[in-house]
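Q: Fold the following.
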Amino acid sequence: MLSLQCPSPFFFSGQNRSSNFFCSTSPSRAAAESSASPSTLISRRLILLRHAHSSWEHLSLRDHDRPLTKAGQADAAKVAQILSTLGWLPQLILSSDATRTRETLKSMQAQVDGFMEANVNFVPSFYSIAAMDGQTADHLQQIITKYSTPDITTIMCMGHNKGWEEAASMLSGASVKLKTCNAALLQAFGNSWEEAFALAGPGGWKLEGVVAPDSSICV
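A: From the prediction side, this is the model:
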């Protein structure tokens, strides 16, 4: 569980989120808890990160090719530091191949060496799937199970709205809002990522928190 230095509108822990984010244990999650104790399974942590703020200065560029603003680069560095402080360093990073997601990752890697150590795969479909109603969560599951191995316990998926908000909300059963460079931190249990998705089901992932560049936290 994440600890807070002071209440912040940009960050909440699983126990301190507002009623807008509260949800009771879903049937799928209850079934998972009754069939297998989390203590006997491996924790799987999923970071769903929306890219940092991008520039509209060059109108001739395709949307896919828009770069980050300087503020976006700074925000990405801040979020990388926060995730590192929390101990949420991914071993595997799956990212949209859009310029703004690539540059978000580059700024994070420049700030925290741990992000350089992760295996990175750019997934072109992450760019297009995010624009399709209700399809991102299933697609993330397919890609994660394709690229992951049982020894990987923390994965970060980088992409776009509206799909990233939808996926975070569908997986957790909570109403999750992701502004630019916001990261939803989700947890489930399983001896593989495929098992974690199967046991948690829709709504069964625990929402540990949402991190933003100006989150107030303590170690």
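
Q: Off-centre distance for the helix ranked longest in the chain?
A: The longest helix of the chain (DSSP state H) is helix 70-86. In terms of C-alpha atoms, centre = their mean, to the nearest Å, the centre of helix 70-86 is found 14 Å from the chain centre.

Q: List the buried residues of it.
A: Neighbour counts over helix 70-86 (16 or more other C-beta atoms under 10 Å) mark 72-80, 82-84, 86 as buried. Backbone N, C-alpha and C define where each C-beta goes, glycine included.

Q: Report the rounded mean pLDDT for whichever helix or strand comes after it.
A: Later in the chain than helix 70-86, the nearest helix or strand by DSSP states H and E is strand 92-95. On average, the pLDDT along strand 92-95 is 98.

Q: Restricting to C-alpha, output strand 92-95 in CSV.
A: Taking Å, rounded to 0.1, in the frame of the first residue of the first chain, the C-alpha atoms of strand 92-95 are listed here in CSV:
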residue,chain,number,x,y,z
LEU,A,92,9.0,-4.8,-18.9
ILE,A,93,7.7,-1.6,-20.7
LEU,A,94,5.2,-1.9,-23.5
SER,A,95,4.6,1.4,-25.3
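
Q: which other helices and strands contact it?
A: Applying 3 or more C-beta pairs under 8 Å, 6 or more residues apart in numbering; DSSP states H and E, we find strand 92-95 packed against helix 99-111, strand 119-122, helix 136-147, strand 154-159.

Q: and which of the buried residues of helix 70-86 is nearest K206?
A: Among the buried residues of helix 70-86, L86 lies closest to K206 (C-beta to C-beta), at 14.8 Å.

Q: List the beta-bridge partners for V120.
A: When assigned by DSSP bridges, V120 has beta-bridge partners I93.

Q: buried set for stretch 101-115?
A: T101, R102, E103, T104, L105, S107, M108, Q109, Q111, V112, G114, F115.

Q: List the contacts of that stretch.
A: 49, 51-52, 67-68, 72-74, 76-81, 83-84, 89-90, 93, 95, 116, 120, 122, 126-127, 158-160, 181 (C-beta atoms under 8 Å, 6 or more residues apart in numbering).

Q: per-residue confidence averaged over that stretch?
A: The pLDDT scores in stretch 101-115 average 98.

Q: How about stretch 203-211?
A: Stretch 203-211 comes out with an average pLDDT of 96.

Q: For A168, report the pLDDT, please.
A: Looking at A168, its pLDDT stands at 98.

Q: Equivalent analysis for S24, please.
A: Reading off the model, S24 has pLDDT 28.

Q: got it, and S60?
A: pLDDT, S60: 80.

Q: Would you confirm that it belongs to a helix?
A: No. Counting by DSSP: H, G, I helix; E, B strand; the rest coil, S60 is not part of a helix but coil.

Q: before we move on, which element is the residue positioned nearest the centre of the chain in?
A: Nearest to the mean C-alpha position of the chain, by C-alpha atoms, centre = their mean, lies L48 at 1.4 Å. Element membership of L48 [criterion: DSSP H and E] is strand 43-50.

Q: and that strand, what does it pack onto?
A: Judged by 3+ C-beta pairs under 8 Å, 6+ apart, strand 43-50 is in contact with strand 154-159, helix 163-172, strand 183-189.
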